[in-house]
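> sharing a model that was predicted from the sequence below.
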Amino acid sequence: MTLSLPSPAKLNLFLHITGRRSDGYHDLQTLFQFLDYGDELTFQQRQDGQIRLTPTLSGVEHDDNLIVKAARLLAKQTDRSVPGADIHLDKRLPMGGGLGGGSSNAATTLLGLNRLWQLDLDIDTLAELGLQLGADVPVFVRGFAAWGEGVGEILTPVEPPEDWFLVLKADCHINTGKIFSHPGLTRDTPKTIIAPAFEGDASRYRNDCEDVVCELYPEVRKSLEWLSQFGPARLTGTGACIFGRFPTESAARNIWESKPSGITGFVAKGVNHSPLHKKLTELT
Ligand SMILES: C[C@](O)(CO)[C@H](O)COP(=O)(O)OP(=O)(O)OC[C@H]1O[C@@H](n2ccc(N)nc2=O)[C@H](O)[C@@H]1O
Ligand SMILES: Nc1ncnc2c1ncn2[C@@H]1O[C@H](COP(=O)(O)OP(=O)(O)OP(=O)(O)O)[C@@H](O)[C@H]1O
């Protein structure tokens, strides 16, 4: 049996850092929405218990890839031996972009192999496993747009408008840990209450990583300045990607066509239900 599943991107429509915890992680308040754009993973059952991933990602060892780690973690959860899998990754999302590509790949692997291997683990168990792999994995496992608290694992469903986004990536790779450990990071934003009818660009919401990222990566500052000519532009996660929201696809595409050279990116629709979960439901 072969299973092909999407592994979508997320945006942090805003990201507030409300404190630093004793384990070094940071408490956040953030709003996650998915994009109808991302990587694709194909799973094929083996018979020898091995996990094999192709192709190799540049700069990531096979055994360090979050897909392989997720598959092995899942295999450890069951007392029977699993048949193994050949996994193929079609990578479209920029790495180190704040779009959660690696975390999304891990979540698609947990849900995909749970289905392929007929393990029948429930979503809560898969989300707990996901959190062991990264703070962003649980939202991809649960699959609904959400207000995130804690490190992003306490999730309350919300329904932000499903607008179109222009996502741009300056030519740099940003390490999440480096931004969170920066002495100049804002870590004391007062907690706010969940706004179920969130209206994206309300001025009281922002991304607290933006100042530090712009200081360390002037190319991100430049991309934000360029996109801000057309409306509010914001960083997602710890960058390097930024986004602007538009009511129509053509409005986003028109601006995309006039972008300066040296910037990559794409246009995609914001969606409140993950394309991964839609596909799994269709296959049921
Ligand atoms: C910035 C976000 O993308 C927002 O959605 C996430 O909080 C980051 O999630 P992620 O990439 O899955 O991050 P992880 O792989 O868990 O953490 C990478 C590093 O970032 C720091 N980190 C991450 C998340 C968090 N809430 N506080 C932190 O201080 C930690 O030093 C950690 O070692
Ligand atoms: N399958 C994978 N896809 C992408 N990156 C991976 C994967 N497995 C491991 N990694 C490592 O994780 C790092 C972060 O990659 P990712 O694409 O998730 O960044 P990101 O979008 O900035 O993440 P986030 O928004 O969660 O901070 C990469 O630089 C790479 O070293």
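The structure has been received and is ready for your questions. Please read these numbers as outputs of a predicted model, since none were measured by experiment. Ligands and ions are numbered 1, 2, ... in the order given.

> next up, the contacts around Ile87.
Counting by CB atoms under 8 Å, 6 or more residues apart in numbering, Ile87 makes contact with 41-44, 51-54, 67-68, 71, 109. The C-beta positions use only the backbone N, C-alpha and C, and glycine is treated the same way.

> out of those residues, who has the most neighbours?
Ranked by neighbour count under the definition other CB atoms under 10 Å, the contacts of Ile87 are headed by Thr109 with 32 neighbours.

> His16 contacts Arg206, correct?
Yes - the pair His16 / Arg206 is scored as a contact, 7.4 Å apart, by CB atoms under 8 Å.

> who's more crowded, the two?
Applying other CB under 10 Å to His16 and Arg206 shows that His16 carries more neighbours, namely 23 against 18.

> can I assume the more buried one sits in a strand?
Yes - His16 sits within a strand when classified using DSSP: H, G, I helix; E, B strand; the rest coil.

> what about Ile174, neighbour count?
Other residues within reach of Ile174, judged by other CB under 10 Å, total 21.

> can you pull the contacts of it?
Taking CB under 8 Å, 6+ apart as the criterion, Ile174 is in contact with 96-98, 213, 217, 220, 238-240.

> ok, the contacts of Ile87 vs Thr264, which is closest?
Looking at the contacts of Ile87 and their distance to Thr264, the nearest is Leu41, at 22.0 Å (CB to CB).

> what separation is there between the closest one and ligand 1?
Counting by CB to the nearest ligand atom, to the nearest Å, the separation of Leu41 from ligand 1 is 18 Å.

> list the residues that contact that residue.
Leu41 is in contact with 4-7, 67, 87-90, 105, 108-109, 112, counting by CB under 8 Å, 6+ apart.

> 6 Å instead, please
The contact partners of Leu41, taken as CB atoms under 6 Å, 6 or more residues apart in numbering, are 5, 7, 89, 108.

> ok, so of those, who is nearest ligand 2?
Looking at the contacts of Leu41 and their distance to ligand 2, the nearest is Leu89, at 6.5 Å (CB to the nearest ligand atom).

> list the buried residues for the helix or strand that that closest one is a member of?
Secondary structure assignment for Leu89, by DSSP states H and E: strand 85-90. Buried residues in strand 85-90, counting neighbours by 16 or more other CB atoms under 10 Å, are found at 85, 87, 89.

> who does the last one bridge with?
For Leu89, the residues forming beta bridges with it (DSSP bridges) are Leu41.

> and the pLDDT for it?
We have a pLDDT of 98 for Leu89.

> what do you get for the one 10 residues further on?
Reported pLDDT at Leu99 in the predicted model: 98.

> now Phe198
With respect to pLDDT, Phe198 has a value of 61.

> check the one 10 residues further on too.
The confidence metric pLDDT takes the value 97 at Asp208.

> wait, isn't it in contact with Gly19?
No - counting by CB atoms under 6 Å, Asp208 does not reach Gly19; the two are 11.4 Å apart.

> so between the two, which is more surrounded?
The residue with more neighbours, out of Asp208 and Gly19, is Asp208; 22 against 12, by other CB under 10 Å.

> OK, contacts around the residue positioned nearest the centre of the chain?
Residue closest to the average C-alpha location in the chain (CA atoms, centre = their mean): Gly100, at 2.4 Å. When contacts are counted by CB under 6 Å, 6+ apart, Gly100 touches 10, 136.

> return the distance of it relative to ligand 1.
Taking CB to the nearest ligand atom, one finds Gly100 at 6 Å from ligand 1.

> how about Gln44?
As judged by CB to the nearest ligand atom, Gln44 and ligand 1 stand 27 Å apart.
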